[in-house]
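K.L.:
Pasting a predicted model and its sequence here:
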Amino acid sequence: MVVMARAASRLRGGAAHHVRRLAHHPSAVPLLAAILLVLIGTQIALVFKVPSWGNDEPAHVGYVASLAEGRLPTIETNIVDDPARFPGTAGEFRGWDEEHGDIWTANHPPLFHLAMVPAWWVASDHQTAMIITMRLANTLGFAVWLYLVGAVARELVPRRPAVSALAVVVAAAPTMVLRSAFFVNDGWAAASALLLFLMTVRMLRGRVTSPLLITAVVAGIVAAGTRAQGVLAVAVCASALLVVISRRDGWHRGVGVFAAVGGIPAAAVSWFYLRNLRLYGDLTGQDALLDKFDRSPVTGLDQIDDIPGLAEPALATGIALAAALVLVPVFLVRWVQRHGWRLDAAWALLVIHALVTAQNVVAFLAIGGGFHDRYLMQIMPVLATATALGMLEVGRWWSRARLDPAAADRRDWWTASGWSALLLVWLAGAVAWLEHHYVFSRQTSSPVDGLLPDALVVLALGAGAALLAVMVGQARAGSRLSRDGGRQPGSGGDPVDALAGAPGRQEHEDECRCQQ
């Protein structure tokens with residue numbers, strides 16, 4: 001009995017040791033946030049009626065059905081609505097007018113929809129199960145995207161690990177988490193774009209290795225082959241690499257990297273955008289869609305309230321939005337006062353991409369387009385990181401004295417824990433309200449009943465509590481990540497490092513890595 005008791009004690013001690021190691025891993029918070037998103041997204045995907053018109057599911061399903069039949073659709077192709085095959089939902093797919101009976105999402109490149117064709121072949125006779133499967137594929141893409149927000153944030157601010165942890169919580173906005181539950185192509189489009197940015201930043205700041213370059217090329221193909229926003233990401237990353245690597249390693253090296261990162265994705269997907277140009281008169285088919293749905297331009301600020309879909313995300317992200325507008329300028333002014341102004345290629349890359357994306361979104365809204373917070377997913381790393389830095393600046397208000405690194409780290413983690421607790425409580429309340437308003441107030445039954453949806457809610461609450469516990473644990477321990485790029489001693493490498501074979505990173509002096 002004594003031997004068994006000692007063995008059980010050793011097992012408990014070993015398990016506790018592994019839990020502590022995992023909790024101190026730099027990927028702990030991003031992974032828990034990704035799990036939280038998967039749980040909430042899955043729960044909503046299971047209980048929301050099929051299909052969801054507000055999230056364009058009929059058109060996306062019609063796109064997959066057309067590809068399964070060997071036809072690449074246009075925005076005038078009819079959505080599949082075979083009453084014999086789908087007696088329960090044929091009317092839903094037929095639409096309430098002629099325009100909404102077409103595959104209006106056919107202006108998007110087909111890569112993600114092509115990946116969903118096997119789900120159509122296997123489960124098209126069970127339409128609800130098929131669409132839920134497609135929903136969950138997108139949910140997984142959103143989860144990878146959220147994890148990569150943290151990975152990019154850690155590259156931008158490597159010596160303050162609390163920043164990347166808080167940035168992930170900021171990025172998990174209620175309406176963004178809600179949209180992860182539906183069959184759209186944004187999840188994997190944004191995830192692949194962020195992977196491209198991550199690889200680009202590492203090449204800008206270190207050596208160009210074959211794993212980094214190959215990963216960047218594949219990510220660029222997926223990003224540009226899934227949504228038009230990916231084309232901008234490829235163009236910006238390839239251009240930044242051309243300029244920086246040409247200056248650092250010679251023009252021949254820079255041109256070679258540019259040809260790979262920019263040229264290979266262009267060769268792989270340009271045919272589709274040229275097809276759009278031939279069919280609709282522009283590369284994205286945007287103008288043809290606005291004409292199809294008779295959208296009216298927004299000619300003044302007094303018409304902002306008329307923009308479809310704008311008010312809800314703004315209200316749902318009120319805390320983060322207020323912090324970004326108020327605290328980020330404060331942080332920028334004080335940071336320049338402390339460190340001066342120096343240009344960093346990685347920050348410049350992401351800020352330029354964010355500004356061009358914002359300009360495109362504003363122009364789209366001005367000509368009558370609707371707003372979706374999904375449009376901001378590819379610029380979320382810079383938005384969330386900047387917001388997190390602004391939020392952490394609040395910690396300096398109570399501790400203006402110059403602190404040693406361990407004390408400054410503890411201050412960051414305590415401040416990040418407080419903000420995260422507020423944001424997670426807000427997320428829980430907002431998602432509950434959104435479900436009541438959008439799900440249970442609009443349907444009399446759910447596709448999936450029983451204990452599973454409720455169990456997912458409980459697990460999501462547990463994941464949120466675990467995430468907060470990890471951050472509080474970091475604050476209490478006063479831990480500080482080692483200077484080899486943000487790893488705890490003995491904690492193992494980052495999963496993205498393993499994928500890309502990234503080289504070790506050098507030490508840096510400033511809180512935000514800023515190189516000439």
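P.N.:
Right, received. Where do you want to start? What you are looking at is a predicted structure, and each value in this text was computed from that prediction instead of being measured.
K.L.:
what's the residue nearest the centre of the chain sitting at in phi/psi?
P.N.:
Closest to where the C-alpha atoms of the chain average out (Cα atoms, centre = their mean) is Trp145, at 3.5 Å. Main-chain dihedrals, Trp145, degrees, to the nearest 10: phi -60, psi -50.
K.L.:
can you pull the contacts of it?
P.N.:
Residues in contact with Trp145 (Cβ atoms under 8 Å, 6 or more residues apart in numbering) are 187, 190-191, 194, 377, 380. Every residue, glycine included, has its C-beta placed from N, CA and C.
K.L.:
Tell me the pLDDT of it.
P.N.:
Looking at Trp145, its pLDDT is 98.
K.L.:
ditto for Glu507
P.N.:
Predicted confidence (pLDDT) for Glu507: 34.
K.L.:
Return the subset of the contacts of Trp145 lying in helices.
P.N.:
Among the contacts of Trp145, the members found in helices (DSSP state H) are 187, 190-191, 194, 380.
K.L.:
if we can go back for a sec, quick check: the gap between the residue nearest to the centre of the chain and Val470.
P.N.:
20 Å (Cβ to Cβ, to the nearest Å).
K.L.:
Then Asp102?
P.N.:
Asp102 sits 47 Å away from Val470, going by Cβ to Cβ.
K.L.:
Which residues are in contact with the residue nearest to Ala346 when sequence neighbours are not counted?
P.N.:
Closest residue to Ala346 apart from its sequence neighbours, by Cβ to Cβ, 6 or more residues apart in numbering: Val201 at 4.4 Å. Val201 sits next to 152, 155-156, 346, 349 when contact means Cβ under 8 Å, 6+ apart.
K.L.:
and what of Asp291?
P.N.:
Going by Cβ under 8 Å, 6+ apart, the list of residues near Asp291 is empty.
K.L.:
per-residue pLDDT, it?
P.N.:
pLDDT at Asp291 comes out at 86.
K.L.:
that older thread, tell me the one of the contacts of Val201 nearest Phe371?
P.N.:
Val152 (23.8 Å; Cβ to Cβ).
K.L.:
ok but Glu76 is inside a strand, no?
P.N.:
No. Assessed with DSSP: H, G, I helix; E, B strand; the rest coil, Glu76 is coil; it does not lie in a strand.
K.L.:
Assess the claim that it and Trp104 are in contact.
P.N.:
No. If you go by Cβ atoms under 8 Å, Glu76 and Trp104 don't touch, sitting 9.1 Å apart.
K.L.:
between the two, who's got more neighbours?
P.N.:
Taking neighbours as other Cβ atoms under 10 Å, Glu76 and Trp104 compare with Trp104 leading, 27 against 14.
K.L.:
and the more buried one, how far is that from His60?
P.N.:
For Trp104, the distance to His60 - Cβ to Cβ - is 10 Å.
K.L.:
Kindly report the same for Trp419.
P.N.:
Trp419 is 35 Å from His60, by Cβ to Cβ.
K.L.:
One more: Pro313?
P.N.:
Distance from Pro313 to His60, by Cβ to Cβ: 20 Å.
K.L.:
which of those two has more neighbours?
P.N.:
More crowded of Pro313 and His60, by other Cβ under 10 Å: His60, with 28 against 22.
K.L.:
pLDDT value on that one, please?
P.N.:
Predicted confidence (pLDDT) for His60: 94.
K.L.:
got the phi/psi numbers for it?
P.N.:
phi -70, psi -40.
K.L.:
wait, isn't it in contact with His113?
P.N.:
Yes. Look at His60 against His113 with Cβ under 8 Å: they come within range, at 6.9 Å.
K.L.:
Which neighbours do the two have in common?
P.N.:
Counting by Cβ under 8 Å, 6+ apart, the shared contacts of His60 and His113 are Asn185.
K.L.:
Which two of the contacts of Trp145 have the greatest separation?
P.N.:
Farthest pair in the contacts of Trp145, by Cβ to Cβ: Gly187 and Met380, 12.5 Å.
K.L.:
I'd assumed Thr42 was in a helix, is it?
P.N.:
Yes. The assignment for Thr42 (three-state DSSP) places it in a helix.
K.L.:
and it, how far is that from His100?
P.N.:
28 Å.
K.L.:
Could you check which of the two is surrounded by more residues?
P.N.:
Thr42 (24 against 16).
K.L.:
list the contacts for that one?
P.N.:
By Cβ under 8 Å, 6+ apart, the neighbours of Thr42 are 136, 139, 181, 456.
K.L.:
again with Arg227
P.N.:
By Cβ under 8 Å, 6+ apart, the neighbours of Arg227 are 108-109, 185-186, 189.
K.L.:
Val457 now?
P.N.:
Contact analysis of Val457 by Cβ under 8 Å, 6+ apart lists 39, 43.
K.L.:
How many neighbouring residues does the closest residue to Ser52 other than its chain neighbours have?
P.N.:
Spatially, and ignoring its direct neighbours in sequence, Ser52 is nearest to Phe182 (5.2 Å; Cβ to Cβ, 6+ apart). The number of residues packed near Phe182 is 24, by other Cβ under 10 Å.
K.L.:
and Phe182, helix, strand or coil?
P.N.:
Quick answer, by three-state DSSP: Phe182 is coil.
K.L.:
And it, how close does it get to Leu290?
P.N.:
23 Å.
K.L.:
and what of Pro447?
P.N.:
Relative to Leu290, and taking Cβ to Cβ, Pro447 is found at 33 Å.
K.L.:
Same question for Leu422.
P.N.:
Taking Cβ to Cβ, one finds Leu422 at 39 Å from Leu290.
K.L.:
residue ranges of the helices in the stretch 51-200 of the chain, please?
P.N.:
Secondary structure of the stretch 51-200 of the chain by DSSP state H, counting those that start in this stretch: the helices cover 57-68, 90-94, 111-115, 117-123, 127-156, 161-171, 174-179, 186-205.
K.L.:
Mind giving me the packing neighbours of the helix or strand just after the last one?
P.N.:
Okay, so that is helix 186-205. Per DSSP states H and E, the first helix or strand lying C-terminal to helix 186-205 is helix 210-224. On a contact count with 3 or more Cβ pairs under 8 Å, 6 or more residues apart in numbering; DSSP states H and E, helix 210-224 meets helix 186-205, helix 229-249, helix 264-280, helix 495-500.
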